[in-house]
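> Fold the stuff below for me.
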Amino acid sequence: MKKVVSALFLPLFLSASSNSLPLSEALEILKNKNLEIKAASLAVKSAKEDISSTSGLHWGKLDFTQDFARSNDAGNVFGFKLTSREANFGDFGFSDFSMTNPNILTVEPHDLNYPEDRNFFQSKLHYEVPIFTGFAISSYTSVMEGVKNIKSLDKEKVLSEKVFQLKKSYYDMALLESSIKNMEKILSNINALENTTQTMIEVGYAKKVDLLEVKAKKGNVERLLVQMKANEELLYHYISFLLNEKVDDIEVPTSEIAEPNFTDNDVLARNLDIKKATTALDIKASMLDASQASYYPTLGAFAEIATADDTFLGEANDHKAYTVGARLTWNIFNGGIDGAKVEKAKIEQLKIESQVQLAKKGISLQLAKIKTEVKSANQEIKSLTKELELANAIYENYEARYKEKLVSMNDVIIKQSSQIEKILQLLVAKNKRNEKIFELEKLANGEK
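This is a model prediction of the structure:
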């Protein structure tokens, strides 16, 4: 019969356990759905587009321009005709000239000064390309690549921080559930003690004040349990916030966190803050190159093809024209501004070099501090575990002695208070150890 019942209820147990979200799956959800990580990823994509827009300057630009105008301005009309290759001698007012007029040079040609209105359509393709810019474009492209690397490191840092928070929440939940079980066991003991005291009062072996002391302690333990369960509910809300989806049940870790085996050199090589400082140094080097580009001449080329008429694309082939050329520009003197900019870039580079060294020393100091705190927490947990075992044994002893009228109820309550105190102290110590280990992992940025 037991086997049949087990077979019937086993699928229900399996279904219930499958609803608990394990840490490994939660980490994958975090990486895909956390809103801050998504925002950091978008920042990286934006930086990649900045690289493309800067690098694209190498290819120059091609513009198409379509002009339409109508004018009776003498200069414009003559220019329109000349551009569309339709100017003739009549446009100069030859109809007003007379070879017999001795003052021919003073004649004001009416056709030239007062032309009729004319439309002007011009279609033009214009291409410009930089040939040499003193390495400015390549330097700015390197700067943008450095910025993209900074954004990528920022994304990794956000991910590392969120992984730290999620792991800590899972292990905080495990500690809470363990403490809740211990407190529920204590509450069960108090309930048993309450029944025993009630029985002893009925037979005259205990006083009512003993029962009041038991009930007061019971109320205190129930209050602590309510607080712990409220904290448990808050943790579920926080985990749901991190994963950007509703989480009602998680699979709490069953073992303590193992201390990571990182050497100081491993941490310094992998730490994201140091990588960011080093990348910033590379950016400053590229900015120095960009500032030195002002010492070089710049050379660019252009080509243009156009057609013009008094109608849109009228006789386009006959009226087409082209222009090609190049331009060299070289700033010889600008009051020492370029030199000042170069010197400033050199100073900024030296400043970042100092910051890189400072970052390495700061991380080394922080690493030593965390390792010391973990070592101290391990010793504290070891000591508190033994103290809790002793407090449990003493309470059980005093409870038995109370039944034999060898100690008072007040003595039993005091020993039980010591038991509860050790449970809470152990919870704090384990939580502190977990936090420091996660800080060590975050410092080394082992999560990718």
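> Which residue is the nearest non-sequential neighbour of Val143?
Among residues not flanking Val143 along the chain, Ser286 sits closest, at 4.6 Å (Cβ to Cβ, 6 or more residues apart in numbering). (C-beta placed from N, C-alpha, C; glycine too.)
> Doesn't the one you found lie inside a helix?
Yes - using DSSP: H, G, I helix; E, B strand; the rest coil, the assignment for Ser286 is a helix.
> Report all helices and strands that the helix or strand harbouring Thr372 contacts.
Counting by DSSP states H and E, the element that carries Thr372 is helix 337-403. Counting contacts by 3 or more Cβ pairs under 8 Å, 6 or more residues apart in numbering; DSSP states H and E, helix 337-403 packs against helix 136-202, helix 264-270, helix 272-292, helix 409-444.
> pLDDT on it, on average?
Helix 337-403 carries an average pLDDT of 88.
> That one vs helix 409-444, what angle?
Comparing the axes of helix 337-403 and helix 409-444 via axes from the mean of the first three to the mean of the last three Cα atoms, to 10 degrees yields an angle of 160 degrees.
> can you give me the offset of helix 337-403 from its chain's centre?
Relative to its parent chain, helix 337-403 has a centroid offset of 24 Å by Cα atoms, centre = their mean, to the nearest Å.
> ok, now how distant is Arg85 from Asp309?
Arg85 sits 9 Å away from Asp309, going by Cβ to Cβ, to the nearest Å.
> My error: substitute Asn34 in the last question.
Where Asp309 is concerned, Asn34 sits at a distance of 62 Å (Cβ to Cβ).
> With Thr263 instead?
Where Asp309 is concerned, Thr263 sits at a distance of 78 Å (Cβ to Cβ).
> So for these two, which residue has more residues nearby?
Neighbour comparison, Thr263 and Asp309: the larger count goes to Asp309, with 21 against 10 (by other Cβ atoms under 10 Å).
> Setting aside sequence neighbours, what's the nearest residue to that one?
Asp309's closest residue in space is Ser84 (Cβ to Cβ, 6+ apart), at 4.9 Å.
> try Leu243
Ile29 (4.8 Å).
> burial count for that neighbour?
16.
> Under a three-state scheme, what state does it occupy?
Using three-state DSSP, the structure places Ile29 in helix.
> how near is it to Ala69?
According to Cβ to Cβ, Ile29 and Ala69 sit 63 Å apart.
> And Ala285, by the same measure?
Plainly put, Ala285 is 51 Å away from Ala69 if you go by Cβ to Cβ.
> can you tell me which strand in the protein is longest?
For the chain, the strand reaching the highest residue count under DSSP state E is reported as strand 118-132.
> That one: partners in the sheet, and parallel or antiparallel?
Sheet pairing of strand 118-132 (DSSP bridges) gives strand 61-71 (antiparallel), strand 298-309 (antiparallel).
> Tell me which of these sits most buried.
strand 298-309 (a mean of 17; mean count of other Cβ atoms under 10 Å).
> Just the mean pLDDT for the helix or strand just after that one, thanks.
Toward the C-terminal end, the helix or strand that comes next after strand 298-309 (DSSP H and E) is strand 320-329. Averaging pLDDT along strand 320-329 gives 93.
> ok so, going back, next, work out how far apart the residue nearest to Asp309 and Asp73 are.
Going from Ser84 to Asp73 by Cβ to Cβ gives 16 Å.
> try Leu426
Using Cβ to Cβ, Leu426 is found at 95 Å from Asp73.
> what's the neighbour count on Glu177?
As a burial measure, Glu177 scores 13 neighbours (other Cβ under 10 Å).
> With His319 instead?
Neighbours of His319 using other Cβ under 10 Å come to 19.
> just checking, it touches Asp310?
No - with contacts counted by Cβ atoms under 8 Å, His319 stays clear of Asp310, the gap being 10.0 Å.
> Mutual contacts of those two, please.
84, 86 (Cβ atoms under 8 Å, 6 or more residues apart in numbering).
> Which of Leu426 and Asp73 has more residues huddled nearby?
Between Leu426 and Asp73, Leu426 has the larger neighbour count (other Cβ under 10 Å), namely 21 against 13.
> can I assume the more buried one is in contact with Lys386?
No - if you go by Cβ under 8 Å, Leu426 and Lys386 don't touch, sitting 10.4 Å apart.
> for the closest residue in space to Asn72 that isn't next to it in sequence, what are its contacts?
Once flanking residues are discounted, Asn72 sits nearest to Asp117: 4.6 Å by Cβ to Cβ, 6+ apart. Residues counted as contacts of Asp117 (Cβ under 8 Å, 6+ apart) are 70-72, 77.
> One more: Lys33?
Contact analysis of Lys33 by Cβ under 8 Å, 6+ apart lists 243-245.
> Would you quantify the distance from Gln355 to Asn271?
Distance from Gln355 to Asn271, by Cβ to Cβ: 14 Å.
> Compare those two (neighbour count), which wins?
Using other Cβ under 10 Å, the more surrounded residue of Gln355 and Asn271 is Asn271, with 23 against 15.
> From Arg270, how far off is the residue lying closest to that one once chain neighbours are set aside?
Leaving aside its chain neighbours, Asn271 sits nearest to Ile363 (5.3 Å; criterion: Cβ to Cβ, 6+ apart). Relative to Arg270, Ile363 is positioned 10 Å away (Cβ to Cβ).
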